[in-house]
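>>> Coordinates only, no sequence provided:
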């Protein structure tokens, strides 16, 4: 609050500002430091300009959906330090702290009356911001500044709290079941994906093995066609010649090579001539 100085010599501390009255009329602004006055002629009134912490007492309010709840809050208010504002704190309002508290309680009821219970429970910051703006619009005429407002308590009736608790419990159970089902589904999907990937890997491995075998067969066939067919024919002819000589068969030397004739009974068996040059014998 304010203090009044009657002594001729006085001091104001750094967080104080004052006004001087001469014979009941405003006569000057008093700053911190040492001062002098004439008793009974001058009077010094001093105001503390620090932040003042003020409670908004718990009170019942009716929400937009006709639910009675109990709310309270806290605010920080200070006199503005300029000369004109300090004059207003003395001359425009008698008890500025009481006036600010009553103004806050009235507007707090109005703020909650515009919201439903559910909206009120999640709108603490919005309500506090609106209340601070409204209070500052009024208190500027009293030389005051509302620095901050906080809503400390929003207390619904017991039956409402029980219903909210049941709803919260049901919601948590439902969320838990949803998470469990989601986890099981994701696990099944991962297992399914693993099976598919394993099957794809096995199929790709089988294809690669089959391709490798086919390539090996192709290479063998190419080698056989290139190196084995002609040599096999020549080898067979040599074997027939050797047999003919061993069995005293006739040998005809032609311009195409040796052509042995095996006499088997009364039928000759001719063997294709070999590819070599020579003379008939």
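Cool, got the structure. The structure displayed is predicted, hence computed values, not measured ones.

>>> which residues in the stretch 101-250 of the chain form helices?
117-121, 124-139, 158-223, 229-246 (DSSP state H, counting those that start in this stretch).

>>> Let me have the ones you listed in a markdown table, extended by distance to residue 88.
To be clear about C-beta, it is placed using only N, CA and C from the backbone, and glycine gets the same treatment. Shown next, in a markdown table, are these (distance: least, CB to CB, whole Å):
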| stretch | distance to residue 88 |
| --- | --- |
| helix 117-121 | 34 |
| helix 124-139 | 10 |
| helix 158-223 | 43 |
| helix 229-246 | 122 |
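
>>> Dump those to TSV, plus mean pLDDT and mean neighbour count.
Shown next, in TSV, are the helices of the stretch 101-250 of the chain (pLDDT from 0 to 100; neighbours: other CB atoms under 10 Å):
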stretch	mean pLDDT	mean neighbour count
helix 117-121	88	17
helix 124-139	94	17
helix 158-223	79	10
helix 229-246	62	13
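
>>> closest to residue 97 out of those?
Closest to residue 97 of the helices of the stretch 101-250 of the chain is helix 124-139 (CB to CB; 11.0 Å).

>>> got a list of contacts for the closest one?
For helix 124-139, contacts defined as CB atoms under 8 Å, 6 or more residues apart in numbering pick out 73, 75, 77, 96, 100, 103-104, 107-108, 111-112, 115, 120, 145-146, 148-151, 154.

>>> For the residue positioned nearest the centre of the chain, give its distance to residue 193.
The structure's the chain has its C-alpha centroid closest to residue 179; by CA atoms, centre = their mean the separation is 17.6 Å. As judged by CB to CB, to the nearest Å, residue 179 and residue 193 stand 21 Å apart.

>>> can you check residue 148 too?
The value you get for residue 148 to residue 193, if CB to CB is used, is 56 Å.

>>> Done for today, thanks.
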